[in-house]
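# no sequence on this one, just coordinates:
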């Protein structure tokens, strides 16, 4: 049984060359490249719809007395923790897998989990299913990155990777609009059903249009393998030394902490922003979701412009733009949280600033600054340290936010009334701490080695 499963997920065997002429091969390659890229982008955005569905329905779930705010915080954190572990393990598996089947499986399982959650009232069962979803969610990004590596040359990959990176913003916007519309019309249980159906459509899209390797289609490999496949003893020693240097570098760990606090503010708004707007400012689910979706759309702008901002405006330096956009993040949260009353355009402006700021910070604090000061042959280790710290921060945020929200709730004439004072300072304080920590490594130098 295990052997059959392993064989099913193995990299596709090369198909015989179909005898086409060189121009015909180039045309076919270009068509399959675009098919793979678009399927990766749209497919991964649908992963996000299944990942963020819970964030839309928190207030209705609390209102019905299904789960408390603390329980929802714990459930949300379970996904982040299993996702962090899965992102590490599935990165290794994706390199050795048929990525068409690997990515399809991940989205299929998380879609099926969403379809089930609309019928679950047990806290433990809900948390277990959401945790399972988190682990299978981690199959998505790994498959996409491997797919871009297999189908695009080194010179092409950077541009396509940049555009693919916007897929999570597209997925967030889709969630805040599609799922919120379903919840507003039919109720929270149908929100999970709607997200699950989107996931099933995404599974079919990936299965049909996301291709494993050029060789499996009878084409030559895009990136010719290097002649030397096994590292020499000296190269292995240098590789291990570089990875140890990353773990011993205080600047890497400070950046990891800075990213963790940035992720606290990022996922505070993603996970609890709709709940906050409904409970504190009286917005409807649909209106609150629309406001939060603005940050996702603007995040695309921030992500895509981050490289241009640092390379063209700051001559390759990341510290100055990290400070500027870190402070923009703090300002956006202050506008969002500290101005009382309902001010639609002010809340929308706050989300515009927040989205652009987070879009840039994800690129800089979320990895690029750590890669800049890590040895060149240990970039993966630097990204791993920052990535795990970031999602641990996101998970702890969900628990802390749930506890603080429920701990400062009072019931007046049968109506839940919330005091968000402590939440405000927790979220704003995290964003401010992220800026301060990034300042500590302002003059950190590259430790690149050959």
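That came in fine, so what should we check first? Since the model is a prediction, treat every value here as computed from it, not as a measurement.
# please make it C-alpha for all contacts and neighbour counts, starting now.
Will do.
# sticking with the nearest residue to residue 144 once chain neighbours are set aside, tell me its helix or strand.
Leaving out its chain neighbours, the residue that sits closest to residue 144 by C-alpha to C-alpha, 6 or more residues apart in numbering is residue 40, at 5.6 Å. Assigned by DSSP states H and E, residue 40 belongs to helix 22-56.
# where in the stretch 1-150 of the chain is pLDDT low?
18-21 (pLDDT under 70).
# sorry, back to before: residues contacting the residue nearest to residue 144?
144, 164, 206, 210 (C-alpha atoms under 8 Å, 6 or more residues apart in numbering).
# farthest-separated two in those residues?
Across those, the longest distance by C-alpha to C-alpha is 14.5 Å; it joins 164 and 206.
# settle it for me: which of those two has more neighbours?
Shown here are residue 164 and residue 206; by other C-alpha atoms under 10 Å, residue 206 has more neighbours (27 against 24).
# need the pLDDT of that one.
Note on residue 206: pLDDT of 96.
# any idea how far it is from residue 143?
11 Å (C-alpha to C-alpha, to the nearest Å).
# per-residue pLDDT, the nearest residue to residue 351 once chain neighbours are set aside?
Excluding its sequence neighbours, the residue lying closest to residue 351 (C-alpha to C-alpha, 6+ apart) is residue 295, at 4.7 Å. Reading off the confidence values, residue 295 has pLDDT 91.
# which residues does residue 288 contact?
So residue 288 contacts 273, 274, 277, 278 (C-alpha under 8 Å, 6+ apart).
# the last one and residue 128, how far apart?
Shown here: residue 278 relative to residue 128, a distance of 27 Å by C-alpha to C-alpha.
# more crowded one of the two?
Set residue 278 next to residue 128 and count neighbours by other C-alpha under 10 Å: residue 278 wins out with 19 against 15.
# and the helix or strand harbouring the more buried one, which residues are buried?
Here residue 278, judged by DSSP H and E, is contained in helix 250-281. Neighbour-count burial for helix 250-281, with 16 or more other C-alpha atoms under 10 Å as criterion, is recorded at 251-280.
# if we can go back for a sec, among the contacts of residue 40, which lie within helices?
Within the contacts of residue 40, residues falling in helices by DSSP state H are 144, 164, 206.
# which one of those residues is nearest to residue 335?
residue 164 (30.5 Å).
# nearest spatial neighbour of the closest one, chain-adjacent residues omitted?
Nearest to residue 164 is residue 41, by C-alpha to C-alpha, 6+ apart, at 5.3 Å.
# just residue 17 next, same as before
In space, residue 17 is closest to residue 218, 4.4 Å off (C-alpha to C-alpha, 6+ apart).
# number of nearby residues for the one you found?
Residue 218, neighbours per other C-alpha under 10 Å, totals 18.
# ok, how many other residues are close to residue 349?
Neighbours around residue 349, by other C-alpha under 10 Å: 18.
# contacting residues for the residue sitting nearest the centre point of the chain?
For the chain, the residue sitting closest to the mean C-alpha position, by C-alpha atoms, centre = their mean, is residue 168 at 6.0 Å. Applying C-alpha under 8 Å, 6+ apart, we find residue 168 in contact with 44, 45, 48.
# now with 10 Å?
41-42, 44-49, 141, 174, 296-297, 299-300 (C-alpha atoms under 10 Å, 6 or more residues apart in numbering).
# before we move on, the earlier item: the residue nearest to residue 164 and residue 170 touch, don't they?
Yes: counting by C-alpha atoms under 10 Å, residue 41 touches residue 170, with 8.8 Å between them.
# so the residue nearest to residue 17 touches residue 26, yeah?
No: counting by C-alpha under 10 Å, residue 218 does not reach residue 26; the two are 11.9 Å apart.
# flag every buried residue along stretch 152-164.
Using 16+ other C-alpha under 10 Å as the test for burial, stretch 152-164 gives 152, 160, 161, 162, 164.
# quick one: the closest residue to residue 217 other than its chain neighbours from residue 131, how far?
Take residue 217 and drop its neighbours on the chain: the residue closest to it by C-alpha to C-alpha, 6+ apart is residue 15, 5.8 Å away. Applying C-alpha to C-alpha, the value for residue 15 to residue 131 is 38 Å.
# circling back to that earlier point, so which of the buried residues of stretch 152-164 belong to helices?
Of the buried residues of stretch 152-164, the ones assigned to helices by DSSP H are 160, 161, 162, 164.
# may I see these organised as TSV, with pLDDT and distance to residue 428 added?
Output for these, formatted as TSV (pLDDT from 0 to 100; distance: C-alpha to C-alpha, whole Å):
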residue	pLDDT	distance to residue 428
160	81	34
161	74	31
162	70	29
164	84	30
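# pLDDT score for residue 447?
52.
# hang on, residue 416 in a helix?
No: counting by DSSP: H, G, I helix; E, B strand; the rest coil, residue 416 is not part of a helix but strand.
# quick one, what contacts it?
When contacts are counted by C-alpha under 10 Å, 6+ apart, residue 416 touches 62, 63, 279, 406, 409, 410.
# show me which of those is closest to residue 373.
Ranked by distance to residue 373 (C-alpha to C-alpha), the contacts of residue 416 are led by residue 406 at 41.6 Å.
# now do the contacts for that closest one.
So residue 406 contacts 68, 69, 70, 71, 73, 416, 418, 419, 420 (C-alpha under 10 Å, 6+ apart).
# could you redo the last one with a cut-off of 6 Å?
residue 69 (C-alpha atoms under 6 Å, 6 or more residues apart in numbering).
# give me the secondary structure label for it.
Reduced to three states by three-state DSSP, residue 406 is helix.
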